[in-house]
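> Sharing a sequence plus its predicted fold:
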Amino acid sequence: MGKGYSRNFHGEVISCGDYIGHSDVSNYIQTRDMPKQDRKMLQGCYDLFESKPDFVWRNCAIEVMCPSLSVKFVSGDERNRYIIRLKDDDTWTVPMREEIRTKLYDTYEWLRSHLKGMGDAIAGHIKDNPEKVLSIGFSALKLKK
């Protein structure tokens, strides 16, 4: 693969240099006259940028499949590859390929958000029912004796 050439992509390829960023997509949008729906789909890249760390955009390809145009933003060797497309009148982002470091980051973020949620729920339960929690704790201590 590499260098922005995919056998299955038939659209405009934008080489973004060292990394793909907000400015690459913004420049593309500002220099072209396009329908509102295409513009909205291209702006879907911004949400994608916010969902991943910076290292992802150094070796990446983002294919945006709009109703009236197709564009692919490319940096590095495309180890991370995403497609933004329209599905049921809504913009969808599909990860097509991600390097192991990106997958590990996603796993870390998932664990962090879920463990934080569990911790918040437990803390809320303790705050709302301190006497019940204490009685359960004392019962557990009695069982150990």
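Great, that's in hand.
> can you list the domain ranges for this protein.
Following the assignment in automatic domain parsing, the chain carries domains at 12-98, 102-144.
> Of those domains, flag the one that's most buried.
domain 12-98 (a mean of 16; mean count of other CB atoms under 10 Å). (C-beta placed from N, C-alpha, C; glycine too.)
> Tell me the spacing between the spatially most central residue of the chain and Ile20.
The chain has Ser51 as the residue nearest its centroid, 3.7 Å off, counting by CA atoms, centre = their mean. From Ser51 across to Ile20, the span is 13 Å (CB to CB, to the nearest Å).
> Where does the prediction get shaky in this structure?
Scanning the chain with the threshold set as pLDDT under 70 gives 1-7, 125, 127, 129-145.
> Specify the helix with the largest residue count in it.
In the chain, with assignment by DSSP state H, the single longest helix is helix 100-128.
> what about the strands in the chain?
Along the chain, counting by DSSP state E, strands occupy 12-15, 60-65, 70-75, 80-87, 90-97.
> How about residues contacting the last one?
Contacts made with strand 90-97 from outside it, assessed by CB atoms under 8 Å, 6 or more residues apart in numbering, are listed as 40-41, 44, 47-48, 78-86.
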